[in-house]
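Enquirer: Let's see this in three dimensions:
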Amino acid sequence: MNDGPRARQMYLDLLKNCLTRYNIGETYGEVRRPVTDRRKRWAVLAMAQRWLATHNLAIVRQVPFDPDMRVEGLDWPAQAETMIGLKRLQNLEDCVTDILVNGVPGDLIETGAWRGGACILMRALLKVYGDTTRKVWVADSFEGLPKPDGRYPQDAGDRLWKNNAILGVSLEQVKANFTRYGLLDSQVEFLKGWFKDTLPVAPIQRLAILRLDGDMYASTADALNSLYAKLSPGGYVIIDDYGVMSTCKQAVDDFRVKHGVTEEMRWIDRSGVFWRRHV
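Expert: Residues are numbered from 1 along each chain as shown. Have a look, this model is predicted:
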């Protein structure tokens with residue numbers, strides 16, 4: 001009996017559970033000021049948090065772990081390397097496995113990586129299938145989301161950048177997360193900066209996986225406009241926020257109409273969608 005495929009799947013399943021902390025269950029999270037709450041007590045708390053941080057301490061609160069929320073990717077984990085949940089991680093594994101088994105040419109990229117969990121899984125998949133030629137591109141500002149710059153009126157009033165204390169994860173921390181799993185090497189490339197600046201000039205020749213997790217209209221449109229033409233037939237487009245962010249949905253819909261993209265879009269869960277490029 002050949003245990004190779006079984007051992008490979010056991011490793012990948014364990015990795016997904018670790019990246020989401022599903023197999024552990026997070027019961028504590030750092031106390032953070034709600035974006036819309038500007039009461040003075042939060043300023044006092046922020047001062048205390050900054051002082052504690054200099055001593056490698058933090059104020060935390062007990063948070064009940066909801067495994068169903070973690071499967072769907074509907075909570076913001078305190079420690080997990082990804083917030084996309086097990087269903088979207090499984091979809092990513094299925095898509096990457098398909099392009100590897102069928103030899104669809106091109107690299108893999110995620111635009112909007114947060115703590116790097118989805119990209120870590122992509123690098124692991126290349127490793128277990130013995131692919132030594134493709135690269136995993138990790139595109140992110142590593143500072144959080146940008147303030148709307150006026151290029152797209154659809155983003156007017158967007159306040160996601162107010163959450164950058166949570167959404168902004170440094171490049172050094174993301175690299176450390178790759179290292180934690182033994183997956184930081186020359187097949188991982190980082191594109192640091194705003195997508196409007198980095199993606200048009202990224203040295204990427206061809207893609208087989210294009211995964212977007214940029215939330216905003218601008219971030220989604222910039223990624224599609226710069227990278228979709230590089231996606232090989234048989235490759236996959238995965239949109240993380242289509243079902244929960246109206247600006248992201250509109251950017252995708254507008255792009256598909258403008259460029260005549262007619263491939264069927266399929267749902268992953270209540271948030272994510274994907275399609276396979278035919279031509």
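Enquirer: Show me what secondary structure element comes after whatever helix or strand residue 43 lives in.
Expert: Following DSSP states H and E, one finds residue 43 within helix 40-53. Going down the chain from helix 40-53, the next helix or strand is strand 60-62, by DSSP H and E.
Enquirer: Which is the succeeding secondary structure element to that next one?
Expert: Downstream of strand 60-62 (by DSSP H and E), the next one is helix 67-72.
Enquirer: what's that next one in contact with?
Expert: 20-22, 25, 75, 77, 80, 85-87, 269-271 (Cβ atoms under 8 Å, 6 or more residues apart in numbering). For the C-beta atoms, the positions are set from N, CA and C on the backbone; glycine is no exception.
Enquirer: domain parsing for the chain?
Expert: The record's domain parsing of the chain by automatic domain parsing lists 28-62, 85-276.
Enquirer: Mind putting those domains into CSV with mean neighbour count, mean pLDDT and distance to residue 8?
Expert: Shown next, in CSV, are those (neighbours: other Cβ atoms under 10 Å; pLDDT from 0 to 100; distance: least, Cβ to Cβ, whole Å):
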stretch, mean neighbour count, mean pLDDT, distance to residue 8
domain 28-62, 11, 73, 33
domain 85-276, 19, 95, 5
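Enquirer: Out of the contacts of helix 67-72, which sit inside helices?
Expert: 20, 85-87 (DSSP state H).
Enquirer: now the residues you listed as a markdown table including distance to residue 167?
Expert: Listed next are the ones in helices among the contacts of helix 67-72 as a markdown table, based on distance: Cβ to Cβ, whole Å:
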| residue | distance to residue 167 |
| --- | --- |
| 20 | 17 |
| 85 | 17 |
| 86 | 21 |
| 87 | 21 |
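Enquirer: ok, of those residues, which one's closest to residue 169?
Expert: Comparing the ones in helices among the contacts of helix 67-72 against residue 169 with Cβ to Cβ places residue 20 closest, at 15.9 Å.
Enquirer: Quick check: next helix or strand after the longest strand seen in the chain?
Expert: Longest strand in the chain, counting residues (DSSP state E): strand 231-239. Where DSSP H and E defines the elements, the next helix or strand beyond strand 231-239 is helix 246-258.
Enquirer: Helix or strand next in line after that next one, which one?
Expert: strand 266-267.
Enquirer: just checking, what packs against that following strand?
Expert: When contacts are defined as 3 or more Cβ pairs under 8 Å, 6 or more residues apart in numbering; DSSP states H and E, strand 266-267 packs onto strand 273-276.
Enquirer: how about a cut-off of 10 Å?
Expert: helix 85-101, strand 273-276 (3 or more Cβ pairs under 10 Å, 6 or more residues apart in numbering; DSSP states H and E).
Enquirer: Can I get the ones you listed in a markdown table including distance to residue 191?
Expert: Listed next are these as a markdown table, based on distance: least, Cβ to Cβ, whole Å:
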| stretch | distance to residue 191 |
| --- | --- |
| helix 85-101 | 19 |
| strand 273-276 | 22 |
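Enquirer: sorry, back to before: let me know which of the domains of the chain is the nearest to residue 5.
Expert: Among the domains of the chain, the nearest to residue 5 by Cβ to Cβ is domain 85-276 (9.8 Å).
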